[in-house]
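Chemist: kindly generate the corresponding structure for this input.
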Amino acid sequence: MTDSNTGSTPDNASTTGSDVIGADAGNTTEKDPEDWVTGDEPMTGAQRSYLDTLARDAGETLSADLTKAQASEEIERLRAATDRS
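Modeler: Predicted coordinates:
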């Protein structure tokens with residue numbers, strides 16, 4: 001077996017930092033919308049469509065010019081309000 005596939009850590013890699021991947025990394029697929037790089041871009045078509053459905057079910061009216069981050073937050077809020085999980 002070569003050094004590249006033994007699972008050893010390269011000499012220049014830090015194993016003491018808090019930024020890890022793998023089993024101990026926790027949930028790395030969810031980020032706070034405020035931390036999104038593209039969060040300030042307009043919401044996507046899919047977000048708009050889903051928000052329209054959720055808002056109708058909740059009897060609410062939302063602004064149509066939300067950002068991706070704002071739309072994500074509204075989706076989470078409305079999903080909870082309409083018991084959609």
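Chemist: what mean pLDDT does whichever strand or helix holds residue 48 get?
Modeler: Under the criterion of DSSP states H and E, residue 48 resides in helix 45-58. On average, the pLDDT along helix 45-58 is 94.
Chemist: after it comes which helix or strand?
Modeler: Proceeding N to C from helix 45-58, the next assigned helix or strand is helix 68-81, under DSSP H and E.
Chemist: before we move on, back to that, what does the helix holding residue 48 rub up against?
Modeler: The contact list for helix 45-58, computed with CB atoms under 8 Å, 6 or more residues apart in numbering, reads 43, 61-62, 64, 66, 68, 71-72, 74-75, 78-79, 81-82, 84. (C-beta placed from N, C-alpha, C; glycine too.)
Chemist: just the buried residues from the residues you listed, in PyMOL please.
Modeler: PyMOL command restricting these to the buried ones, with burial defined by 16 or more other CB atoms under 10 Å:
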select buried, resi 43+62+66+68+71+72+74+75+78+82
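Chemist: please tell me how far residue 35 sits from residue 42.
Modeler: To residue 42, residue 35 is 18 Å away according to CB to CB, to the nearest Å.
Chemist: those two: which is more packed in?
Modeler: Using other CB atoms under 10 Å, the more surrounded residue of residue 35 and residue 42 is residue 42, with 15 against 8.
Chemist: quick one: pLDDT of that one?
Modeler: So residue 42 comes in at 93 (pLDDT).
Chemist: quick one: contacts for it?
Modeler: Residues near residue 42 by CB under 8 Å, 6+ apart: 65, 66, 67, 68.
Chemist: for the second one, phi and psi?
Modeler: Looking back up the chat, that one is residue 66. The phi/psi pair for residue 66 (degrees, to the nearest 10) reads phi -70, psi 150.
Chemist: dump the helix holding residue 48 to CSV, restricted to CA.
Modeler: Taking C-alpha atoms only, helix 45-58 is exported to CSV below (Å, rounded to 0.1, in the frame of the first residue of the first chain):
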residue,chain,number,x,y,z
GLY,A,45,-38.1,29.7,-9.5
ALA,A,46,-38.4,26.6,-7.3
GLN,A,47,-38.4,28.7,-4.1
ARG,A,48,-41.0,31.1,-5.6
SER,A,49,-43.3,28.3,-6.6
TYR,A,50,-43.0,26.5,-3.2
LEU,A,51,-43.5,29.8,-1.3
ASP,A,52,-46.6,30.6,-3.4
THR,A,53,-48.1,27.2,-2.4
LEU,A,54,-47.1,27.6,1.3
ALA,A,55,-48.3,31.2,1.5
ARG,A,56,-51.7,30.3,0.0
ASP,A,57,-52.0,27.4,2.5
ALA,A,58,-51.2,29.7,5.4
